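In: how would this look folded up:
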Amino acid sequence: MSITRDVVLKTATLAHLELSPDDADRFAAQMSEILSYMDQLGELDTTNVAPMSHSSIAEHVERTWRHDVVKPSLGTSVATANAPEGFHGYFKVPSVITRATGESQES
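Out: Now for the predicted structure:
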């Protein structure tokens, strides 16, 4: 499967990303290469390979799990410090709920 520049631009629009034409072309080529590699992996014979329930090998679980240690939270002022817009310690985001007229509701 080949990813086209139009698919990259549509995806970028949905993600609210601005891409230059060069970036869109580069990402289309890179994503096509990734999908091509995934197609190659799909051709492997895995009939004698047991399914895995975890991505880590059992003997190395201690490397992948961390101890659940209680730590102090960041606090709302630190957590929202880099937010484009905050409101009383919360993240302020655009409304995604629309009325029957199609207009955004303001809270």
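In: measure the residue most central in space within the chain to Ala79 for me?
Out: Geometric centre of the chain, nearest residue: Ala15, 9.8 Å, by C-alpha atoms, centre = their mean. According to C-beta to C-beta, to the nearest Å, Ala15 and Ala79 sit 23 Å apart. Glycine gets a C-beta too; all of them are placed from N, C-alpha and C.
In: next one: Gly42
Out: Counting by C-beta to C-beta, the gap from Gly42 to Ala79 is 42 Å.
In: Which one of these two is surrounded by more residues?
Out: In this view Gly42 and Ala79 are compared by other C-beta atoms under 10 Å, and Ala79 has more residues nearby, 14 against 8.
In: Next, that one: phi, psi?
Out: phi -60, psi -30 (degrees, to the nearest 10).
In: Quick check: the gap between Asp6 and Ser36.
Out: 19 Å.
In: I meant to write His67 there.
Out: 41 Å.
In: which of these two has more neighbours?
Out: Ser36 (12 against 4).
In: who touches the helix ranked longest in the chain?
Out: Counting by DSSP state H, the longest helix found in the chain is helix 21-42. Residues outside helix 21-42 that contact it (C-beta atoms under 8 Å, 6 or more residues apart in numbering) are Met1, Ser2, Ile3, Thr4, Arg5, Val7, Val8, Leu9, Ala12, Leu19.
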